[in-house]
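Novice: only geometry, no sequence info:
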């Protein structure tokens with residue numbers, strides 16, 4: 001992989017710093033619950049082979065994962081990869097008409113919670129470069145048993161993050177999330193929404209600042225929701241509801257999720273890509 005330029009290095013460093021702050025906060029929640037659970041970190045490397053069989057480095061990343069009392073399974077991945085896209089996959093990526101090289105760095109997080117009243121959550125932020133350069137990402141809440149107070153608080157925090165940058169962002173990106181996180185074969189939403197954005201390009205500093213604020217908003221609101229609900233009593237029926245809901249989550253991630261497809265198509269680490277899948281799920 002070619003050396004990183006200043007913008008790529010800045011994005012990579014910020015994503016790694018956000019990872020460290022999120023994992024520290026999640027471990028603090030586990031300690032509050034009387035658990036000593038902690039993240040384990042597994043580094044991985046990506047390589048590429050050319051037509052002559054020559055192998056070259058293609059970046060890599062670190063998969064962080066924790067199993068605890070509150071977080072039944074949570075993964076926080078940071079990856080920085082680059083190289084050449086296949087001609088077939090390049091056709092779906094902007095800026096690859098004449099040059100198939102790419103660079104991508106970002107953070108991806110999925111948390112599956114032990115208590116059915118604590119919502120699962122997904123968040124990712126990323127920067128991609130081809131002959132063009134852009135940011136994408138978002139965050140969405142995925143409760144098995146929806147709670148209007150949590151949904152409203154989550155959306156309000158994301159709305160505030162968007163409003164600080166552009167009054168059109170929240171209406172556009174929340175609608176995009178509704179459309180994106182949709183299971184067409186079941187005609188249901190995966191969760192209660194959030195925001196989803198992609199291909200914010202041409203204004204690096206402004207869009208990097210917005211992407212950072214999305215990450216900060218997540219770090220602010222989701223731990224607050226977890227602490228609010230993590231001691232709520234639940235029944236066996238609630239647990240069954242949780243397991244059946246997770247089946248819907250699996251279906252979306254394997255059939256429709258862009259991040260899963262991008263990781264698989266660019267030779268990413270399989271364990272890191274499929275980290276988003278829950279430890280247990282049920283199809284009745």
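Specialist: Right, received. Where do you want to start? Owing to the predicted nature of the structure, the values given are computational and were not obtained by experimental measurement.
Novice: Please, where are all the helices along the stretch 51-200 of the chain?
Specialist: 87-90, 148-163, 169-180 (DSSP state H, counting those that start in this stretch).
Novice: Residue 40 is nearest to which of those helices?
Specialist: The closest approach between residue 40 and any of the helices of the stretch 51-200 of the chain, judged by Cβ to Cβ, belongs to helix 148-163 at 28.0 Å. Heads up, the C-betas are built off the backbone N, CA and C, glycines and all.
Novice: Buried residues in the closest one, which are they?
Specialist: Applying a neighbour-count criterion of 16 or more other Cβ atoms under 10 Å, the buried positions in helix 148-163 are 150, 151, 153, 154, 155, 157, 158, 159, 161, 162.
Novice: was I right about residue 238 contacting residue 145?
Specialist: Yes: checked against Cβ atoms under 8 Å, the pair residue 238 and residue 145 is within contact range at 6.4 Å.
Novice: Spit out the residues that contact the two alike.
Specialist: Common neighbours of residue 238 and residue 145, using Cβ atoms under 8 Å, 6 or more residues apart in numbering, are 116, 117.
Novice: Double-check that residue 234 belongs to a strand.
Specialist: No: remark: residue 234 does not belong to a strand; assigned using DSSP: H, G, I helix; E, B strand; the rest coil, it is coil.
Novice: show me what contacts it?
Specialist: Residues counted as contacts of residue 234 (Cβ under 8 Å, 6+ apart) are 115, 116, 117.
Novice: dump the residue contacts of the second one.
Specialist: In other words, residue 116. For residue 116, the set of contacting residues under the criterion of Cβ under 8 Å, 6+ apart consists of 144, 145, 234, 238, 239, 241, 242.
Novice: that older thread, for the buried residues of helix 148-163, which one is nearest residue 209?
Specialist: For the buried residues of helix 148-163, the closest approach to residue 209 (Cβ to Cβ) belongs to residue 161, at 10.6 Å.
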